[in-house]
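J.: How does the following fold in three dimensions:
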Amino acid sequence: QVQFVESGGGLVQPGGSLRLSCAASGFTFSNYGMNWYRQSPGKERELAAAISSTGTATTYADFVRGRFTISRDNAKNTVYLQMNSLKPEDTAVYYCNAYYIPRLGERREYWGQGTQVTVSS
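T.: Numbers count the residues shown, from 1 in each chain. You can find the predicted model right below:
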């Protein structure tokens, strides 16, 4: 049974920092690329950051590049999102996402339950 435990969200002032964690179980974590998505009220879910299965490759959306850092610990089956210099527009529910393409035409994907991040003074 696939499970995610997301933590680290909360209320922070503009310019502050938060570190999100997503602990996974029920699948072979080290086979999966991991993403952090976010969704604000009235907006579509958008990809914020991604990391390869080995952790050697990362990519970021323009709106978080230079402020957020994605990382993973395959020994702990956990992916992280370090968020610095937070802005009010970063307010959203943040979701971790796991994906794996074992063969052409097949994709396995799982979602966490989301954690709320609110940036406000």
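J.: And the pLDDT at P41?
T.: pLDDT, P41: 88.
J.: count of neighbours near it?
T.: Neighbours of P41 under the rule other C-beta atoms under 10 Å: 7. The C-beta positions use only the backbone N, C-alpha and C, and glycine is treated the same way.
J.: distance of it from G105?
T.: Going from P41 to G105 by C-beta to C-beta, to the nearest Å gives 35 Å.
J.: Repeat that for Y32.
T.: 18 Å.
J.: So between those two, which is more surrounded?
T.: Between Y32 and G105, Y32 has the larger neighbour count (other C-beta under 10 Å), namely 24 against 6.
J.: helix/strand/coil for E89?
T.: helix (DSSP: H, G, I helix; E, B strand; the rest coil).
J.: List the contacts of it.
T.: If you count contacts by C-beta atoms under 8 Å, 6 or more residues apart in numbering, E89 has them with S40, F63, V119.
J.: if I look at it, how far off is T115?
T.: 17 Å.
J.: Can you pull the phi/psi pair for G112?
T.: Main-chain torsions, G112, degrees, to the nearest 10: phi -80, psi 170.
J.: Next: the one 5 residues further on.
T.: The phi and psi torsions at V117 (degrees, to the nearest 10) take the values phi -120, psi 120.
J.: Nearest residue to it in space, ignoring adjacent ones along the chain?
T.: G9 (4.9 Å; C-beta to C-beta, 6 or more residues apart in numbering).
J.: repeat for A24
T.: N77 (4.9 Å).
J.: ok, now Y60?
T.: Computed as C-beta to C-beta, 6+ apart, the closest residue to Y60 that is not its neighbour in sequence is A49, at 5.0 Å.
J.: Near the one you found, how many residues? Count them for me, please.
T.: 24.
J.: right, and it touches A61 too?
T.: Yes. Contact between A49 and A61 holds when scored by C-beta atoms under 8 Å: they sit 7.0 Å apart.
J.: where does Y110 land in three-state SS?
T.: Under three-state DSSP, the three-state class of Y110 is strand.
J.: Read off the pLDDT value for it.
T.: Value for Y110, per-residue pLDDT: 97.
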